[in-house]
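Asker: here is a sequence with its predicted model. Questions after.
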Number of protein chains: 2
Amino acid sequence: MNETIELLLNHRSIRKFKDQPLNDEQISQLVEAAQMASTSSFVQAYTIIGVKDPEKKKKLAEIAGNQQYVAENGHFFVFCADFHRHQAAGELEGIDVSEAIESTEKLVVGITDASLAAQNCAVAAESMGLGICYIGGLRNDIQATADLLNLPEHVFPVFGMCVGYPDAEPSIKPRLPKAGVYFEDSYPSEEKHFVELENYNDTTAAYYESRTEGKRKDRWTAQVSGMLSSIKRAHMKDFLHRKGFGRK
Amino acid sequence: MNETIELLLNHRSIRKFKDQPLNDEQISQLVEAAQMASTSSFVQAYTIIGVKDPEKKKKLAEIAGNQQYVAENGHFFVFCADFHRHQAAGELEGIDVSEAIESTEKLVVGITDASLAAQNCAVAAESMGLGICYIGGLRNDIQATADLLNLPEHVFPVFGMCVGYPDAEPSIKPRLPKAGVYFEDSYPSEEKHFVELENYNDTTAAYYESRTEGKRKDRWTAQVSGMLSSIKRAHMKDFLHRKGFGRK
């Protein structure tokens, strides 16, 4: 196994960082690594905002549900889907691009492009000995997040990412069984899913049991179905429409 | 600069592969690396289908606009957003999760999770000396792609990925200027975008000129606004609704 794969397999989210900011060269290297990810038809439909202003970081931490590590880290990135730049490109060329960029297809593209760039950034950070944590909680009040960063039409924050020097060493969470995630040539039967979910419930129960001295034995299916028992962030559709995404 | 960052910065899409399939151990390692990417609240809302059946690969190549390398590669992955598994989890627990999983928020989550996993797979493949190319063209006829892979409700193919032993060494495409993609604390002014787009147009014109002995001098703004002058894959919204995504 090579060094890079070892690094990927060793990932765990870090939620406690030392009080040491990243320097500009580190930030620059992370952004360059992010930019080299693939992008759909070379549209590069994303923008990265680095948040340094302590007041803004505090506000984002509140939006994310009072996650302290959103305010306290080495650097905080917000990855945005962005077709505003393409609108500007259209203006330069005298071409109306608004119908295309407001399509649901381009919503898919914007989220994908932002995510591929972000994951390169995450891998680069970890290769430098830093830790990371994705912050989907910025979408709790996505309008407030967008306002705080002055995002115009055709730009929205997909998620944030804390980066910094780790001050904790959490254990690696076991993923779904490979046999429950990877299939060949065709999607599997319903039965196959149930078997793998039961296998995974045993794995997660053992994982939590060993970490909590027997206090918790969470089944994954109970965790996720509890979490999915009601709709969250129900504002998303309207927000995206207002921002010019997924209108068609 | 460490080895992993060097690898990330050296990425280029490969569109011609040697006639040598990946072995099962390689495929397994790629899937494991994919699975270790972060996932929104641990929902792991994706499925990976490896396509080996030559007939299916040929069909997918046609759907993707007759891209031969979709049929001819070392292995072909399809990354799908997947909440079908969560529906099964809900059934096991006697909890109705359908309202949540059909929300636009969960569409964002599914695309993000599939993309983060895919980018880990891409990085792992390149670290093994393999080349990759993302295939958004599967969305040209996304219903046909979904049917070919027997994808049920709450699962859709976000993109494919060719992996294999490179049989070409394309040059690295210059990205947007860092100053046009990364900003601190706030989204930039309109003027800033125009300046960076003009800078980038000079870069891309020089890039194409050097590669085509002066025959092409493509400006990026002309390329993308041409591409965005009309709506593509206009079926996306209806397709996603039919599959149970973004209904609310």
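Answerer: Perfect, I can see it now.
Asker: centre of the chain to the helix or strand of chain A with the lowest mean pLDDT, how far?
Answerer: The least trusted helix or strand in chain A, going by mean pLDDT, DSSP states H and E, turns out to be helix A:190-211, with a mean of 94. Helix A:190-211 has its C-alpha centroid displaced from the chain centroid by 25 Å (CA atoms, centre = their mean, to the nearest Å).
Asker: could you list the domains of chain A?
Answerer: A:3-170+A:231-242, A:178-217 (automatic domain parsing).
Asker: worst mean pLDDT among those?
Answerer: Ranked by mean pLDDT, the domains of chain A bottom out at domain A:178-217, with a mean of 94.
Asker: and the residue nearest to residue A:54 when sequence neighbours are not counted, how many neighbours?
Answerer: The shortest distance from residue A:54 to any non-neighbouring residue, by CB to CB, 6 or more residues apart in numbering or on different chains, is to residue A:71 (7.3 Å). All C-beta atoms are positioned from the backbone trio N, CA, C, and that covers glycine. By the criterion of other CB atoms under 10 Å in any protein chain shown, residue A:71 has 20 neighbours.
Asker: one more: residue A:215?
Answerer: Using other CB under 10 Å, residue A:215 is surrounded by 8 other residues.
Asker: what kind of secondary structure is it in?
Answerer: For residue A:215, the secondary structure call by DSSP: H, G, I helix; E, B strand; the rest coil comes out as coil.
Asker: and it, how close does it get to residue A:172?
Answerer: Using CB to CB, to the nearest Å, residue A:215 is found at 20 Å from residue A:172.
Asker: what do you get for residue A:234?
Answerer: 33 Å.
Asker: likewise for residue A:154?
Answerer: Residue A:154 is 38 Å from residue A:172, where distance means CB to CB.
Asker: of the two, who's got more company?
Answerer: When residue A:154 and residue A:172 are compared for neighbours, residue A:154 comes out ahead with 24 against 12, by other CB under 10 Å.
Asker: can you tell me which helix in chain A is longest?
Answerer: Counting residues, the longest helix found in chain A (DSSP state H) is helix A:104-127.
Asker: could you give the angle of that one to helix B:104-127?
Answerer: For helix A:104-127 against helix B:104-127, the angle by axes from the mean of the first three to the mean of the last three CA atoms, to 10 degrees is 50 degrees.
Asker: how far off centre is helix A:104-127?
Answerer: Averaging C-alpha positions (CA atoms, centre = their mean) puts helix A:104-127 8 Å from its chain's average.
Asker: does chain B sit close to it?
Answerer: Yes. Residues of helix A:104-127 are located near chain B by CB under 8 Å from any CB of the partner chain, namely A:104-105, A:108-109, A:111-112, A:115-116, A:118-120, A:122-124, A:127.
Asker: I'd say residue A:158 and residue A:111 touch.
Answerer: Yes. Residue A:158 lies in contact with residue A:111 (CB atoms under 8 Å); the separation is 5.7 Å.
Asker: spatially, which two of the residues of helix A:104-127 next to chain B are the most separated?
Answerer: Farthest apart among these by CB to CB are A:104 and A:127. That separation is 35.2 Å.
Asker: count the neighbours of the closest residue to residue A:124 other than its chain neighbours for me.
Answerer: With CB to CB, 6+ apart as the criterion, residue A:124 has its nearest non-adjacent residue at 3.6 Å, and that residue is residue A:33. Residue A:33 is flanked by 27 other residues according to other CB under 10 Å.
Asker: could you look up the SS state of residue A:33?
Answerer: Put simply, residue A:33 is helix when judged by three-state DSSP.
Asker: distance of it relative to residue B:7?
Answerer: Distance of residue A:33 to residue B:7, computed by CB to CB: 9 Å.
Asker: which ones are touching residue A:160?
Answerer: A:51, A:60, A:64, A:70, A:76-79, A:134-135, A:137-138 (CB atoms under 8 Å, 6 or more residues apart in numbering or on different chains).
Asker: the nearest residue to residue A:13 once chain neighbours are set aside: what secondary structure?
Answerer: Spatial nearest neighbour of residue A:13, chain neighbours left out: residue A:133 (4.4 Å); criterion: CB to CB, 6+ apart. The three-state label given to residue A:133 by three-state DSSP is strand.
Asker: for residue A:133, name its beta-bridge partners.
Answerer: residue A:162 (DSSP bridges).
Asker: residues touching it, list them.
Answerer: Residue A:133 neighbours (CB under 8 Å, 6+ apart): A:13-15, A:69, A:161-162, B:38.
Asker: same check on residue A:135?
Answerer: Shown in contact with residue A:135 (CB under 8 Å, 6+ apart): A:60, A:64, A:67, A:70, A:159-162.
Asker: redo that, cut-off 7 Å
Answerer: A:64, A:67, A:70, A:159-162 (CB atoms under 7 Å, 6 or more residues apart in numbering or on different chains).
Asker: just the buried residues of these.
Answerer: A:64, A:67, A:70, A:159-162 (16 or more other CB atoms under 10 Å in any protein chain shown).
Asker: re the thing from before, for residue A:72, see how far away the residue nearest to residue A:13 is.
Answerer: For residue A:133, the distance to residue A:72 (CB to CB) stands at 12 Å.
Asker: what of residue A:43?
Answerer: Distance of residue A:43 to residue A:72, computed by CB to CB: 35 Å.
Asker: residue ranges of the strands in chain A, please?
Answerer: With DSSP state E, the ranges of strands along chain A come out as A:46-51, A:75-82, A:131-135, A:155-164, A:182-184.
Asker: out of those strands, nearest to residue A:242?
Answerer: Closest to residue A:242 of the strands of chain A, according to CB to CB: strand A:155-164, at 9.6 Å.
Asker: now the closest one - C-alpha only, PDB.
Answerer: Written as PDB, here are the backbone C-alpha positions of strand A:155-164 (Å, rounded to 0.1, in the frame of the first residue of the first chain):
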ATOM      1  CA  VAL A 155     -23.500  31.400  -5.800                       C
ATOM      2  CA  PHE A 156     -24.400  29.300  -2.700                       C
ATOM      3  CA  PRO A 157     -22.400  27.800   0.100                       C
ATOM      4  CA  VAL A 158     -22.400  24.000  -0.200                       C
ATOM      5  CA  PHE A 159     -20.400  23.300   3.000                       C
ATOM      6  CA  GLY A 160     -17.600  24.600   5.100                       C
ATOM      7  CA  MET A 161     -14.300  23.000   6.200                       C
ATOM      8  CA  CYS A 162     -12.300  23.500   9.400                       C
ATOM      9  CA  VAL A 163      -8.600  22.900   8.900                       C
ATOM     10  CA  GLY A 164      -5.900  23.000  11.500                       C
END
